[in-house]
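**Q** Coordinates for the following, if possible.
(chains A and B)
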Amino acid sequence: MTEIPSKYEPLKAESKWYSYWMEKGFFHSVPDEREPYTIVIPPPNVTGVLHMGHMLNNTTQDVLIRRARMQGYNTCWVPGTDHASIATEAKVVAKLRSEGIEKRDLSREAFLDHAWEWTHKHGGIILEQLKRLGASCDWERTLFTMDDKRYSSVIKVFIDLYNKGMIYRGVRMVNWDPQARTAVSDEEVVYTEEKSKLYYVRYKIVGEEGYVMVATTRPETILGDTAVCANPSDERYAAMKGKHVIVPMTDREVPFIFDEYVDPAFGTGCLKITPAHDINDYEIGLRHNLATIDVFNDDGTMSERAGLFIGIDRFRAKELAEEELRRLGALVKVEDYINKIGRSERTHSVIEPKLSLQWFLSMKEMAKPALDAILNDTITIVPAKYKNVYRHWMENVRDWCISRQLWWGHRIPAYYYGNGEFVVAASAEEALEKARLAGGNKNLSLDDLKQDEDVLDTWFSSWLWPIAAFDGINKPDNPDINYYYPTRVLVTAPEILFFWVARMIMAGYEYRGKEPFSDVYLHGIVRDRQRRKMSKSLGNSPEPISLIEKYGADGVRVGMLLCAPAGNDLLFEETLPEQGRNFANKIWNAFRLIITFKTDDNIKQPAASEAAVRWMDGAINKTLADIDDSFARYRISDALMQAYKLFWDDFSGTYLEIIKPEFGKALDGRTHSETLRILEMLMRILHPFMPFITEEIWQRMGERTDGSSIMNEMMPEAGPYDPAMLNRFETCREIISAVRTIRKEKNLPLREKLVLCAAAGSTGNEFDSVIIRMCNLSEIRTVEGKIAGAASFRIHTSEFFVPIDEGIDHEEEIKKLNEELAYTEGFLASVMAKLDNEKFVSNAPEKVIALERKKEADTRARIATLKESLSHLQK
RNA sequence: GGGCGAUUAGCUCAGUUGGUUCAGAGCACCUGCCUUACAAGCAGGGGGUCGUAGGUUCGAUCCCUACAUCGCCCA
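**A** From the prediction side, this is the model:
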């Protein structure tokens, strides 16, 4: 006993058992005859560090994987990292800048060398951190989205889709990030409401004295105006038909046009049209055949074509434009205005809608099977509310801009020769052959080819993840892909439902003809107490590794899961891992108690212990059924809470208290072995949630052979149980609780033995011995009628008495009984209101009426008992 | 602006195909205990007219309508 500390110390056990599991290769999977259970990790950014979102995400996956492993599945959890094109490139650019090196001064090759160096230096840290959490990933299968197999998979898919005519190149309005100097997808733009100004500017009408007034938030783009527009139904502007106006600051004449798009109620009802810099204007421009004038450079400065403020940054240009308009007398007024500003998710720079030549993947056709899979439940989304959200997105899906003006990523395999003509091929050599054929120029050499400078969107590699993880693109018929695909469940955050989940489903159908996973489990976002998203800049995110060091990995896992109902955000605070740690400590001390029992095989098993074992087995079976149900619905926090209560309340709080021998005495052998059996079973139930402490205890519980581990034991299966028996025990618990209350109220010390009196039939089952044991009774006496000078309580329809030496306070007892009587009579009145209602009696189902009649009878009996007791006391 | 969802105890959430003694849990809170596994503990306790107003029904926290508030997604 002295060598086992009273507080569980997690750190030592954690490193010990994790190394043991690794050394024995328990996480590794190879195809065999068992049913597979596969999960591919949502790959974290290769140079990222673990944050609370990863903790939640990976704890969840580990719980599912460990449970499945214990259920006999061949489990395979594939880890890996994502090259995170924009994020990583931005970090490398910043790092180089801090060393005085600008990206534009480097060649592509030199820059990529730096990027790889950075990746090798910082890459994989996050995976090491996951090991601290206990993640049972198959580390022998660790992947990277830019490793050779994944790289070639991406290129192969690009070529294939291009050949199928689904990838095309075109000029489109894209979201331009002037800081990263790249296009970003619609999904990477975050809109927030920001304060801005609305400028009222007048445009002179050509050939007349008058003006039209336009309201705009962007005076600097006036330089790119190619029309002014009003709604055709707006009579205020009917006279403008066929006229032209002069754009201020330039002397350009542009037409006044009419389009339904314009909202007459907004501003002056008159809109300036800048097709190069607004998506709606662009579409109006297409309808009316307007010219486009791009007034910005790629870095957000004003371009030559602006004609004014050339080379000046767009924000400064806005100020200058305001001044200039004022000077020209064209600025009529300026109002404060709140509008939605789109910013780049990565750089937070204000997105500029910009026309540019990009690569696109057409989505319509791919979206169809992906939508059907969700609608017909081939793939189940949990929580189901996202089904609608998904459908809405898929029905309105737009083509995916897949090119990025970056270097870090999969370079687009298009090779240009001559005048903008190009071929798409896996290598330069192959491209040369194709180009010679296509161009009819046999003398073309490698030097004449120029590969596209752009790389592909990061998601263009991660959408292949469940297939590429098993090399199913390069070798579509290899044993791994055939065995592990489709995977079982994808665990991720709802914010990447479209970015990633939807596209994986599309790729799954396109390249395997099958869904990539059967379930999608979307967990919440980790926030702080004030519901703010956890972020580095806010400094409100705890450091996961220090949390593990403080509370233990098991404690942190429990803390994460406890507050994580599916689909709801979790409000994290440190009391949660603290609760987890406390639970681990509780388990530890229960174990400590059990192994320090002295046992004596000659002692006969007490009746209370025998009853306790029977009840505990029933309680376990019931809880196992509940846990199964919770897991089936991905109610993981519920499953954990069920196991938590089973261990803490039922096993520690109740069972152990019943079987615990009196001080100094030994435990009978039978109860001892039953208790060990039960503890072992509980460890297996808890193992998926708390892998370390359960392994530590399991290993200490008996002789274990080298190579044995609780993680490879079978999860107990829910067996039959007798609900009536469990109910009898609940009554027994209520009686115990009531007697304890009397002890407390009457100040009766625990050591003093009491007598419990009850009418025949009120007790007398297998749990009497438990009541005697837990209440420290000398006996349960069967009596008839009332007992004078006794404290009383009522459970269901039975009345119980505890005689007290010095008698009881009559007045107080009368008061209590009167309160109880008033409440009970009130209840009877509500029952009678129903039963006296003819319509209720004639309409309600028989079952319900029978129940109400039983309520009535029981309540009347109880009232009679209370009244009798009162008259007894008042004598 | 369009769509989706939510509103139940101080906090975070369960719940009911509308009827089991008039709503449960965890945490927090209050009271009493250093009782020989555990004070990271034990025993006991308080706390909700289920967002508001109508409607359907014998009966509504649950179904319908409107309103209010909040959140998410899309434009």
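
**Q** burial measure for A:L446, as a count.
**A** If you count neighbours by other CB atoms under 10 Å, A:L446 ends up with 11. Where C-beta positions appear, they are placed from N, C-alpha and C, glycine not excepted.

**Q** what separates stretch A:160-180 from the chain centre, distance-wise?
**A** Computed by CA atoms, centre = their mean, to the nearest Å, the chain-centroid distance of stretch A:160-180 equals 31 Å.

**Q** how about it: buried residues?
**A** Using 16 or more other CB atoms under 10 Å as the test for burial, stretch A:160-180 gives A:161-162, A:166-167, A:169, A:172-180.

**Q** Nearest the geometric middle of chain A, what residue?
**A** A:H523 (2.0 Å; CA atoms, centre = their mean).

**Q** Tell me which of the buried residues of stretch A:160-180 fall in helices.
**A** For the buried residues of stretch A:160-180, the ones inside helices are A:161-162, with DSSP state H as the criterion.

**Q** Show the overlap between the buried residues of stretch A:160-180 and what lies near RNA strand B.
**A** Filtering the buried residues of stretch A:160-180 for proximity to RNA strand B by CB under 7 Å from any atom of the strand leaves nothing.

**Q** Surely A:V389 is in contact with A:V501?
**A** No. The criterion here is CB atoms under 8 Å, and A:V389 misses it with A:V501 at 11.0 Å.

**Q** Those two: which is more packed in?
**A** Taking other CB under 10 Å, A:V389 and A:V501 do not tie; A:V501 has more neighbours (26 against 13).

**Q** Is any residue of the host helix or strand of A:E696 near RNA strand B?
**A** According to DSSP states H and E, A:E696 maps onto helix A:691-701. No. If you take CB under 7 Å from any atom of the strand as the test, helix A:691-701 misses RNA strand B, and the best it gets is 10.7 Å.

**Q** what does whatever helix or strand comes next after that helix contact?
**A** For helix A:691-701, the succeeding helix or strand toward the C-terminus, using DSSP H and E, is helix A:723-745. Contact partners of helix A:723-745, identified using CB atoms under 8 Å, 6 or more residues apart in numbering, comprise A:614-615, A:618-619, A:622, A:654, A:748-750, A:754, A:756, A:763, A:765-767, A:770-771, A:774-775, A:777, A:791, A:793, A:795-796, A:800, A:802.

**Q** longest helix anywhere in chain A?
**A** Per DSSP H, chain A has its longest helix at helix A:846-874.

**Q** Please tell me how far it is from the chain's geometric centre.
**A** Here helix A:846-874 is found 50 Å from its chain centre; the criterion is CA atoms, centre = their mean.

**Q** and if you look at stretch A:525-532?
**A** Chain-centre distance of stretch A:525-532: 13 Å, with CA atoms, centre = their mean.

**Q** about what we covered before: and the longest helix of chain A with RNA strand B, contact?
**A** Yes. Helix A:846-874 comes into contact with RNA strand B (CB under 7 Å from any atom of the strand), by way of A:848, A:851, A:854-855, A:858-859, A:862.

**Q** between those residues, which is nearest A:I808?
**A** Using CB to CB, A:R862 comes nearest to A:I808 of those, at 20.4 Å.

**Q** Could you verify my assumption that the closest one touches A:S798?
**A** No. Assessed by CB under 8 Å, A:R862 is found out of contact with A:S798, at 9.5 Å.

**Q** okay, the two: which has more neighbours?
**A** Between A:R862 and A:S798, counting by other CB under 10 Å, A:R862 is the more crowded of the two (21 against 17).

**Q** could you point out where the stretch 401-550 of chain A is predicted with low confidence?
**A** Across the stretch 401-550 of chain A, the ranges flagged by pLDDT under 70 are A:535-538.

**Q** Quick check, pLDDT for the nearest residue to A:G761 once chain neighbours are set aside.
**A** Counting by CB to CB, 6 or more residues apart in numbering, A:G761 lies nearest to A:S798, which is 7.8 Å off, once chain neighbours are set aside. A:S798 carries a pLDDT value of 85.

**Q** which bits of the stretch 301-450 of chain A sit near RNA strand B?
**A** A:340, A:385, A:388-389, A:392-393, A:396, A:398.

**Q** ok, now with 10 Å
**A** Proximity of the stretch 301-450 of chain A to RNA strand B is confined to A:339-340, A:342, A:383-393, A:396-398 under the rule CB under 10 Å from any atom of the strand.

**Q** Now list the buried members of those.
**A** By 16+ other CB under 10 Å, those give A:342, A:383, A:386-387, A:390, A:393, A:397 as buried.

**Q** any idea which strand is longest in chain A?
**A** As assigned by DSSP state E, the longest strand anywhere in chain A is strand A:189-205.

**Q** Given it, what are its sheet partners and their directions?
**A** As defined by DSSP bridges, the strand partners of strand A:189-205 come to strand A:211-216 (antiparallel), strand A:244-246 (antiparallel), strand A:331-344 (antiparallel).
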